[in-house]
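Asks: could you look at this predicted model? Sequence included:
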Amino acid sequence: MKGSTAYRSIQKRGLHIGLLPEMAAAVNPSTPITLDHDLGVLPEVGRHLTVSQYAGHVDDLAARLWAAGVRPDEHVVIYKTANADHWMLAAAVSRIGGVVVNLSPALDAETVRVLLQRVDQPTLLTDGAKLDVLAAVPLADLTRRVLSASGERPGAVALADLAGSPRVRPVVRPIDEAAVITHTSGTTGIPKLVVHTPRTQGIRLLPQWRLLSLMRKKETVAIHVPFVHSRMVAAMSLALLKEYPVLLMREADPAVVAEQLITHRPAFIEALPNSLMEWEGLADDPRAPFGSVKVFSSTFDAIHPGTMSKLLKASGRRGALFFQIYGQSEVGPAVGRAYFRHSAHKANGRCVGWAMPKGAAKVRVVSRNGETPSEANPGYIEVAWDGLAKSYFAEQDRYDANRQGDWWHTGDVGYRTKFGCLHMLDREIDMIDGVRSSLEIEDVMLGKLDELSELVVVQGPNSEPVPVICTVDDRPLDRERWRAAAAGFPQLADPVQFPQAELPRTATLKVQRVALAQRLEKQLQA
């Protein structure tokens, strides 16, 4: 089987992650998969696998889950320590017809309790460390059964004890029924559970399939995204079907990342925007850890032009580019834009891209006040295509409130230029009176002050825009330099400095702006 044949099959029949490893092995059984950590559920297999071995392990884990009593149509919540085995276990659940519910390991016990209750008596697949986190949660009342991928605890069935279970035939879920459920970032409270079907997952591969076609050689793809995220489904699917060697990275420490990049020399890196910001300093490493990278890619949040420029200049590849995709868990990739070495630093960070090729998402901006949307009068950004998520699990009313016919209301505010570029200015919930775009201010100030490692403009207790800043190594801010740089934004209040580690973040490292504003108000009133 060729990768293009497998891709066409997915476009017709949908993406079933339980079948994907087997399909990828049929394309090329020797495609290597390398990890920067040991698998929790199968620590004995090491850090170097072929896709054929990977497919075999997924089949084995599916057999263990079946032996534990998991059956088709059953919801299986996976909440465990961050590890690449999460994706393997999700594929194993899917392989026997179960519905995967991915929960981030960053979620706290109370949030997990609420989501378990919402799913209504699922199987919980976890590990010893997370069972300790959930010690006060009444799992016996909230779940059908508890399985442990690693670590033994009373009341949990250890998958290790089910090794050698008879293999079972795969069960293929209907193309338009729930297959994988992920969750929103939870920046404003309890996350929503987003339902993806085989059809919607397959359709979302289209824009990225074309992007990866830019790579003519079978070079290594490094992936550093949360293993629980819907983006991981697409990233793994595309890389394996394209026969690219895969480096799955969990560790975020720049020193560890540098060693991995130097050893494996990837041509393509996909990572979180905030991870790439954290790795900026590696651009000055004389060993050139980014020297081999032809394409940088990020899809979770807009990234600052200064970060893109530093990374691109650190690449030794001719024609290196940074491809940014704007989207959400609910809509998948909506628009995209490429940035290049000699112009990225001059880019408008609010321009998140243009509509992608035929068959991809359609985007429009609708009025907020009855007047035509424009730069001076931004409107609501909406997206339509067959890749939209099917629903919010157990919250259909919330889903319906955001969907009008074919169009999904993203909750973002922006405008389109006469050339068709979509500019995203702010989340609707984060807008502040007197501020055109908090994100724009952040772009500009981060570009001017190298000592800043993070900047978030939030609404203060008196509705004033307050810049919350973090500095490199948490060094004290030079107030005179700040005032000079911020002269163009007289509406800003004085900056408040926070230690980098104390910023409240989501599972994809976005700053939780509402939580930060609440913390800031308490600090200012103390």
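Replies: Noted; the coordinates are in hand.

Asks: now stretch 10-21: mean pLDDT?
Replies: Regarding stretch 10-21, the rounded mean pLDDT is 94.

Asks: same question, stretch 309-317
Replies: On average, stretch 309-317 scores 95.

Asks: end to end, how far does that stretch reach?
Replies: 14 Å (CA to CA, to the nearest Å).

Asks: list of residues touching that stretch?
Replies: 267, 276, 279-280, 282-284, 288-294, 296, 320-322, 339-341, 344-345 (CB atoms under 8 Å, 6 or more residues apart in numbering). For every residue, glycine as well, the C-beta is placed using N, CA and C.

Asks: where does the prediction get shaky in the stretch 151-300 of the chain?
Replies: For the stretch 151-300 of the chain, the stretches flagged by pLDDT under 70 are 186-188, 211, 300.

Asks: all helices of it, in order?
Replies: 198-203, 205-212, 230-241, 254-264, 273-278 (DSSP state H, counting those that start in this stretch).

Asks: so R144 touches Q121, yeah?
Replies: Yes: with contact defined as CB atoms under 8 Å, R144 counts as touching Q121 (5.0 Å).

Asks: tell me the angle the top helix by length along the chain makes with helix 230-241.
Replies: Longest helix in the chain, counting residues (DSSP state H): helix 51-67. Interaxial angle, helix 51-67 versus helix 230-241 (axes from the mean of the first three to the mean of the last three CA atoms, to 10 degrees): 130 degrees.

Asks: please name the bridge partners of the closest residue to A84 other than its chain neighbours.
Replies: Excluding its sequence neighbours, the residue lying closest to A84 (CB to CB, 6 or more residues apart in numbering) is L248, at 4.7 Å. Under DSSP bridges, the beta-bridge partners of L248 are L35, I223.

Asks: who wins for proximity to W385 among the helices of the stretch 151-300 of the chain?
Replies: helix 198-203 (7.2 Å; CB to CB).

Asks: confidence score at G411?
Replies: For G411, pLDDT reads 93.

Asks: tell me how far it lies from S185.
Replies: G411 is 12 Å from S185, where distance means CB to CB, to the nearest Å.

Asks: buried residues of stretch 458-467, list them for me.
Replies: Buried positions in stretch 458-467, judged by neighbour count with 16 or more other CB atoms under 10 Å: 458-460, 464-467.

Asks: mean confidence for it?
Replies: Rounded mean pLDDT across stretch 458-467 is 90.

Asks: please apply the same query to stretch 61-78.
Replies: 98.

Asks: start to end distance for that stretch?
Replies: For stretch 61-78, the end-to-end distance is 14 Å (CA to CA).

Asks: buried sites along that stretch?
Replies: Buried-residue list, stretch 61-78, by 16+ other CB under 10 Å: 61-68, 70, 74-78.

Asks: closest to P138 among the residues you listed?
Replies: V77 (14.7 Å).

Asks: assign the closest one to helix, strand or coil.
Replies: strand (DSSP: H, G, I helix; E, B strand; the rest coil).

Asks: show me the contacts for L388.
Replies: Per CB under 8 Å, 6+ apart, neighbours of L388: 200, 330-332, 403, 408.

Asks: kindly recompute the last result at 7 Å.
Replies: L388 is in contact with 200, 330-331, 408, counting by CB atoms under 7 Å, 6 or more residues apart in numbering.

Asks: report the secondary structure state of it.
Replies: Going by three-state DSSP: L388 is coil.

Asks: tell me the pLDDT of it.
Replies: 97.

Asks: please apply the same query to A526.
Replies: In this model, A526 carries a pLDDT of 62.

Asks: repeat for Q512
Replies: 82.

Asks: for it, what are phi and psi?
Replies: phi -80, psi 100 (degrees, to the nearest 10).

Asks: so it touches E502, yeah?
Replies: No: with contact defined as CB atoms under 7 Å, Q512 and E502 do not form a contacting pair (11.8 Å).

Asks: out of the two, which sits in the more crowded spot?
Replies: Q512 (19 against 10; other CB atoms under 10 Å).

Asks: ok, and the closest non-adjacent residue to that one?
Replies: Closest to Q512 by CB to CB, 6+ apart is P504, at 4.2 Å.

Asks: got it, and N402?
Replies: For N402, the spatially nearest residue (CB to CB, 6+ apart) is H409, at 4.6 Å.

Asks: and that neighbour, how many residues sit next to it?
Replies: H409: 16 neighbours (other CB under 10 Å).

Asks: got TSV for the helices of the stretch 151-300 of the chain, with distance to V383 and mean neighbour count too?
Replies: Listed next are the helices of the stretch 151-300 of the chain as TSV, based on distance: least, CB to CB, whole Å; neighbours: other CB atoms under 10 Å:
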stretch	distance to V383	mean neighbour count
helix 198-203	13	24
helix 205-212	13	21
helix 230-241	15	25
helix 254-264	33	17
helix 273-278	20	21
